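Student: Sequence and computational prediction follow.
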Amino acid sequence: MTTSDVLIPVRKCRRLPLRFAWPRLIRMYTCDSADRLPLRQLGDDLAGLGVRARRVGSPESATVRILRDKKIPGPEAYQLTVGRDAIEIRSLTAAGAYYAVQTLRDLMALHGRRLPGVRIQDAPDLRRRGIYHDCSRGKVPKVKTVKQLIERIAHWKVNELQLYMENTFRYHSHPAIGVGYSPFTAEDILAIQAHARKHHVRLVGSLASFGHMEKILSLPQYSPLAEGLDFRRDEKGDLCPTDPGSIALLADLYGEFLPLLEAEDFNACCDETRQIGQGRSRKRAERIGVGRLYLEFILKIRRLCRKHGKRMNMWGDIILAHPELIGDIPKDIVMLNWDYSPNGSRIDRTDEFAAAGLPLVCCPGTNGWQSHGTRMRQSTENVAKFARIARRYAAEGLLNTDWGDYGHRNTLGVSLHSLAHGAAHAWNGAAVDEKRFTKTFCRLAFGDRTGKLAAALRVLGAYPRGDLYHALIEPFDPDRPMPGYRAMANPNLDLGRIRRRLAATHKLHFPRLAGQDEFEALALDEFDLARRMDLLACRRVLAGRDLRAGRSVRGSTLRRLARDMDELAADFARLWRARNKPSRLRDNLKAMRAAARESEDLAR
């Protein structure tokens, strides 16, 4: 066994000249009741091997024993020894013991009832190992889904979850916010936080607080707070920084939301403020500059955070656009430097935050948004590079982001590979085996020992652009309104690549695997849904280009496109409802049905 045999690589692994065989009945001991949850997880896995487990009150008679050891270097570190007759875990804290059990569970998944003798000494690279999940562009996950996700990411040794919210929290003081968007309630947040705590995951709040406020500002009672004088939904979404009502609104929202959260950190976002200084705050911007105007409002938000005992985190893109401000950022604000391409310019500017002595988190992305099957290569290279940068500049952590732009038709299932990959790099990035990672992921997360699922996921994630995501619902008629950009009208669209994608997707097959939990079974269905969405999008691009060029398309072809879209919409709705609240499902179904009806009309 090597350090990278398990999905989340361990730091040191010494092979012992022996093997351990699970007996039919094992005894488990812990000195701390906090370890009962991971031991219960272990017991459930053992039951699948036909092994019964019970707890005992003495370590001497235990087959698996967890002990606290002050010599273990770090709160999340552990030592795991698989001996001939017993397995011993030593940790300083319950978190370290939890992570040791997760490693042991993966060893069982790889080796079954006979484990190799090993002594593992393990600890993480980064203190904050996070996942950022979009809950505002369409999908608001059910509490059950978030709890299931927490259990998976905690197994991958992730210790932080942020749920991005624009208008998807129900405020008693502002009841109009979130109507029609299936918002989380305070009870939802508390239930998620309690479950996360059990699995050593911090729930860190994240609210849009400057830019990306369009869903709130589109409401009549809040539109006067918008920066743009000609405010229109989804086009101008910045709060006006010179309007006292803007910070008063945030004070109300923070006053309800922040007291629910135990974590000290809070992400106030403040990214992509595209209109600042162009509308109502223009005169102030002309006097002091756009950057200084931005900083003024940031400092007001920081005071709100401090009022609630929170350490402000914020995205770093606007500050990097005004680098003269970096030295004026208070040293208690954590800069979240994000970039989702391995060649992105902001990745290489991480040193500017580090040189200023600012706390820092590096933020790559799953590249699942505006995609059906993710852009796997871009994601893996982005994560790997940003993780190296995080280690180089002693960043606090790595936060892997998973967005849902333009309706959030991308599914949670197709992002799981990248979420696990980011977790591996946050824990022990130098030891990640990039060539074997996907196969190991499919084996440990889905039980696939054949390699067929890994091969299928690589094909699904091989299309590097967002064309097919948009083309799925793009009208053939160029004059009809369309959310997002128009792929069919793009003169640079490579039709040869589309045809190759069509052929590859047509041949693509996802193996049906037995014994899956509900969460993974849904992911397998989501993989196949992504395949079908790509396949239909390719066919629609080719038909659309013919129609726009004045070439005839058979009525039977158009009717088949309509039937396939209707069938796809039904399955899309089923899988959406399985994981998510109703929220904006109707927006996507409306677009799909419109595309189907257009095909039918053209076929007549």
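Tutor: Yep, that arrived. Residues are numbered from 1 along each chain as shown.
Student: From now on I want contacts and neighbour counts done on CA atoms only, so please keep to that.
Tutor: Fine.
Student: show me where pLDDT drops low in the chain?
Tutor: Along the chain, the model assigns pLDDT under 70 to residues 229-236.
Student: which residue is nearest the middle of it?
Tutor: Asp402 (3.4 Å; C-alpha atoms, centre = their mean).
Student: The spatially closest residue to that residue that is not a sequence neighbour bridge partners, please.
Tutor: In space, Asp402 comes closest to His133 once its chain neighbours are excluded; the distance is 5.1 Å by C-alpha to C-alpha, 6 or more residues apart in numbering. Beta-bridge partners recorded for His133 (DSSP bridges): Leu163, Asp402.
Student: right, and His133 touches Ile150 too?
Tutor: No. The criterion here is C-alpha atoms under 8 Å, and His133 misses it with Ile150 at 11.4 Å.
Student: quick one: which of these two has more around it?
Tutor: Taking neighbours as other C-alpha atoms under 10 Å, His133 and Ile150 compare with Ile150 leading, 28 against 21.
Student: got the contact list for the helix or strand where the more buried one lies?
Tutor: Applying DSSP states H and E as the criterion places Ile150 in helix 143-155. Residues outside helix 143-155 that contact it (C-alpha atoms under 8 Å, 6 or more residues apart in numbering) are 99, 102, 159, 161, 188, 191-192, 195-196, 199-201, 419-420, 423, 519, 579-580.
Student: Now, of those, which are buried?
Tutor: For the contacts of helix 143-155, a burial check counting by 16 or more other C-alpha atoms under 10 Å picks out 99, 102, 159, 161, 192, 195-196, 199-201, 419-420, 423, 579-580.
Student: hang on, the earlier thing: in helices, which of the contacts of helix 143-155 fall?
Tutor: Among the contacts of helix 143-155, the members found in helices (DSSP state H) are Tyr99, Gln102, Asp188, Ala191, Ile192, His195, Ala196, Leu419, Ala420, Ala423, Phe519, Arg579.
Student: Strands of the stretch 201-350 of the chain, start to end?
Tutor: Applying DSSP state E, counting those that start in this stretch to the stretch 201-350 of the chain gives strands spanning 202-207, 265-267, 311-315, 334-338.
Student: strands paired with the third one, and their directions?
Tutor: If I follow you right, that is strand 311-315. strand 265-267 (parallel), strand 334-338 (parallel).
Student: Turn those strands into a markdown table, including distance to Leu453 and mean neighbour count.
Tutor: Converted to a markdown table, these look like this (distance: least, C-alpha to C-alpha, whole Å; neighbours: other C-alpha atoms under 10 Å):
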| stretch | distance to Leu453 | mean neighbour count |
| --- | --- | --- |
| strand 265-267 | 36 | 23 |
| strand 334-338 | 30 | 24 |
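Student: Distance to Val541 added to those strands, as JSON lines?
Tutor: Below are the strands paired with strand 311-315 laid out as JSON lines (distance: least, C-alpha to C-alpha, whole Å):
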{"stretch": "strand 265-267", "distance to Val541": "39"}
{"stretch": "strand 334-338", "distance to Val541": "32"}
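Student: for the ones you listed, which one sits closest to Lys439?
Tutor: strand 334-338 (27.9 Å; C-alpha to C-alpha).
Student: ok now the closest one, how far from the chain's centre?
Tutor: Centre-to-centre, strand 334-338 and its host chain are 16 Å apart (C-alpha atoms, centre = their mean, to the nearest Å).
Student: What's the first helix or strand after that strand?
Tutor: Next element after strand 334-338 (DSSP H and E): helix 350-355.
Student: can you count the residues close to Glu264?
Tutor: 17.
Student: Identify the residue spatially nearest to it, adjacent ones excluded.
Tutor: Closest residue in space to Glu264, ignoring its immediate chain neighbours: Lys310 at 4.9 Å, by C-alpha to C-alpha, 6+ apart.
Student: Dihedrals phi and psi, the one you found?
Tutor: phi -110, psi 150 (degrees, to the nearest 10).
Student: Thr374 belongs to a strand, doesn't it?
Tutor: No. Thr374: not assigned to a strand; according to DSSP: H, G, I helix; E, B strand; the rest coil it is coil.
Student: quick one on the thing from earlier: with distance to Ala62 added, can I get the ones in helices among the contacts of helix 143-155 in CSV?
Tutor: Shown next, in CSV, are the ones in helices among the contacts of helix 143-155 (distance: C-alpha to C-alpha, whole Å):
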residue, distance to Ala62
Tyr99, 20
Gln102, 19
Asp188, 39
Ala191, 34
Ile192, 34
His195, 28
Ala196, 29
Leu419, 35
Ala420, 32
Ala423, 32
Phe519, 33
Arg579, 40
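Student: Out of these, which is nearest to Ala356?
Tutor: Within the ones in helices among the contacts of helix 143-155, proximity to Ala356 (C-alpha to C-alpha) peaks at Ala423, which comes in at 27.3 Å.
Student: Find residues that contact each of His133 and Ile150.
Tutor: Residues touching both His133 and Ile150 (C-alpha under 8 Å, 6+ apart): Leu161.
Student: all helices for the stretch 351-500 of the chain, in order.
Tutor: According to DSSP state H, counting those that start in this stretch, the stretch 351-500 of the chain carries its helices in the segments 376-392, 412-428, 434-446, 452-460, 467-471, 495-507.
Student: helices and strands around the shortest one, which ones?
Tutor: In other words, helix 467-471. Judged by 3 or more C-alpha pairs under 8 Å, 6 or more residues apart in numbering; DSSP states H and E, the packing partners of helix 467-471 are helix 518-548.
Student: what angle separates the helix it packs on from helix 495-507?
Tutor: Counting by axes from the mean of the first three to the mean of the last three C-alpha atoms, to 10 degrees, helix 518-548 points 140 degrees away from the direction of helix 495-507.
Student: So which bits of helix 518-548 are buried?
Tutor: Buried residues in helix 518-548, counting neighbours by 16+ other C-alpha under 10 Å, are found at 520-545.
Student: List the buried residues of stretch 242-250.
Tutor: Thr242, Ser246, Ile247, Leu249, Leu250.
Student: And stretch 324-334, by the same measure?
Tutor: Ile326, Ile329, Ile333, Val334.
Student: now, which of these sits nearest Phe353?
Tutor: Checking those against Phe353 by C-alpha to C-alpha gives Ile326 as the nearest, at 7.1 Å.
Student: follow-up on the earlier one: and of the strands paired with strand 311-315, who's closest to Leu295?
Tutor: strand 334-338 (13.4 Å).
Student: Quick check: the gap between the closest residue to Gly291 other than its chain neighbours and Arg486.
Tutor: Leaving out its chain neighbours, the residue that sits closest to Gly291 by C-alpha to C-alpha, 6+ apart is His322, at 5.7 Å. Using C-alpha to C-alpha, to the nearest Å, we find His322 at a distance of 32 Å from Arg486.
Student: Let me see the backbone angles for the residue nearest to Gly291.
Tutor: Taking degrees, to the nearest 10 as the convention, His322 sits at phi -130, psi 70.
Student: Make residue 1 into 311 and carry on from there
Tutor: With the count now opening at 311, the last piece we talked about shows up as His632.
Student: and the gap between it and His522?
Tutor: Taken as C-alpha to C-alpha, the span from His632 to His522 is 19 Å.
Student: Between these two, point out the one with more neighbours.
Tutor: Using other C-alpha under 10 Å as the criterion, His632 and His522 rank with His522 on top: 25 against 15.
Student: Help me confirm that that one comes into contact with Asn477.
Tutor: No. Between His522 and Asn477 there is no contact under C-alpha under 8 Å: 9.9 Å.
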